[in-house]
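# kindly generate the corresponding structure for this input.
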Amino acid sequence: MSGSDYNKPEMEINENAADGPKGMKVDEFIKHLFRTEKKALIRLINGVLGENYDLDTTVLTELNTEFVRPKAEHGGSDTETAVFDLEKIFADMMFSLDGVTYHIEVQTNADKSIVIRIMGYGSAHALGGLKNKPAHGDIVFELPVPVLIQIDKGGGLGDRIPAKIKLSGRDDALAFDITVVRLWTYDVDKLIKNGLFLLLPFLLVKHRKGKKTDKKTQAFLSELQAIEKAVSELHKKKMILSDLRMNLYATIDSIAKTINKKYYDNDPRIEKELTTMETTRALFAHEIKAKGKAEGKAEGEAKGETKGENLAIQVIKLFMQKKPPEAISTEVQLPLTRVVDILRKAGFLDQAQ
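Below you'll find the predicted structure:
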């Protein structure tokens, strides 16, 4: 994902996890950010789960999140063939780090029933993984490591949802604990301390509830300013790249505009702050330009090398067709000295010629 995604149309928050007014849901916002920068996602996993993945060497692979499962419907007789109506289910995000699979689900509100959905997504992923494995030997049903990001307070969840998987009638059971990031318990400093940079814009979501008061408006404005400052500082310290900085600003802008419009009657103080933030694009425009110039130079050099290799091959082919260097020079439009140099390096001419 590149910085060009910064100038996206305004994206609205869809507060209902399943259905609701048109607009981007919170989980879609987060997925949009998660795909921007590999290191930021690795930091999040390290911070949430206490892992120790190296930011530079870890191999991150994004995995399929779309699964098909059958809904079995039988007719009036047990002897009738079952008719299967297939439905698609979509997990929020699955990826692997050095071969270990992780599953992140994002919910505005959640309770312990979310375990069923998370386990269902994990099972669908595990079944897909078994299809390509040989039938001989042990068959291992491997589920991804689950993480739930809950935006709003509610549901009575702690930092972990304890769950187990067991066979009926057996005593042994496998723990299937789900780690929960209860975002409403975090502030800017705590998110940064734990490496959860990607979640900074979503601290604003909690400000959309309750009756509008000047105190609430000021609290929202203060948090908005703190988040903007944090993103800027992370970029200055080179802890995030420009592409992520732009996408964080785009997400902050979209969420704040939506909340201001729906809950704060387009308060001019918030609008003014967002206008100030938007002008910061110019602060890193030169960096984007420099990056593009460097990439263009590298691409040009690569093309130049390829062109040079092709010319050398053409020179050698013409020489093997018994054409003299002078004729080759004219045909390929290269200086005679360059043609001679190519032929000498290829061993067709000795240094005296």
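
# pLDDT weak spots in the stretch 251-353 of the chain?
Regions of the stretch 251-353 of the chain meeting the criterion pLDDT under 70 cover residues 278-309, 346-353.

# tell me where it has helices.
Using DSSP state H, counting those that start in this stretch, the helices of the stretch 251-353 of the chain run over 268-278, 281-320, 325-332, 336-345.

# in the last one, what's buried?
Of the residues in helix 336-345, those buried under the neighbour-count criterion (16 or more other C-beta atoms under 10 Å) are 338-340, 342-343. C-beta coordinates here come from the backbone N, C-alpha and C atoms, glycine included.

# could you redo the residues you listed as JSON lines and give each row distance to residue 98?
Below are these laid out as JSON lines (distance: C-beta to C-beta, whole Å):
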{"residue": "338", "distance to residue 98": "48"}
{"residue": "339", "distance to residue 98": "50"}
{"residue": "340", "distance to residue 98": "52"}
{"residue": "342", "distance to residue 98": "45"}
{"residue": "343", "distance to residue 98": "49"}
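
# for residue 178, state which of these is nearest.
The shortest gap between residue 178 and any of the buried residues of helix 336-345 belongs to residue 342, at 64.5 Å (C-beta to C-beta).

# now the closest one: how far from residue 326?
Distance of residue 342 to residue 326, computed by C-beta to C-beta, to the nearest Å: 14 Å.

# ditto for residue 105
Noted for residue 105: a distance of 72 Å to residue 326, by C-beta to C-beta.

# next one: residue 140
Taking C-beta to C-beta as the measure, residue 140 falls 70 Å from residue 326.

# just residue 32 next, same as before
Going from residue 32 to residue 326 by C-beta to C-beta gives 61 Å.

# show me which of those two is the more surrounded one.
Neighbour count, other C-beta atoms under 10 Å: between residue 32 and residue 326, residue 32 has more, with 19 against 11.

# surely that one is within a helix?
Yes - assignment of residue 32 by DSSP: H, G, I helix; E, B strand; the rest coil places it within a helix.

# isn't it up against residue 246?
No - using C-beta atoms under 8 Å, residue 32 is not in contact with residue 246; the gap is 11.9 Å.

# buried residues in the helix or strand encompassing residue 249?
Here residue 249 sits within helix 242-263, counting by DSSP states H and E. Using 16+ other C-beta under 10 Å as the test for burial, helix 242-263 gives 242-260, 263.

# low-confidence ranges in the stretch 101-250 of the chain?
Along the stretch 101-250 of the chain, the parts satisfying pLDDT under 70 run over 131-135.

# how does it look with 80?
Within the stretch 101-250 of the chain, the stretches with pLDDT under 80 are 128-140, 209-210.

# what ranges do the strands span in it?
Using DSSP state E, counting those that start in this stretch, the strands of the stretch 101-250 of the chain run over residues 145-150, 160-161, 164-166, 173-175, 178-182.

# what would these look like in CSV with mean neighbour count and distance to residue 316?
As requested, the strands of the stretch 101-250 of the chain are arranged in CSV below (neighbours: other C-beta atoms under 10 Å; distance: least, C-beta to C-beta, whole Å):
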stretch, mean neighbour count, distance to residue 316
strand 145-150, 22, 56
strand 160-161, 16, 68
strand 164-166, 11, 66
strand 173-175, 10, 65
strand 178-182, 20, 62
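
# good, wrapping up.
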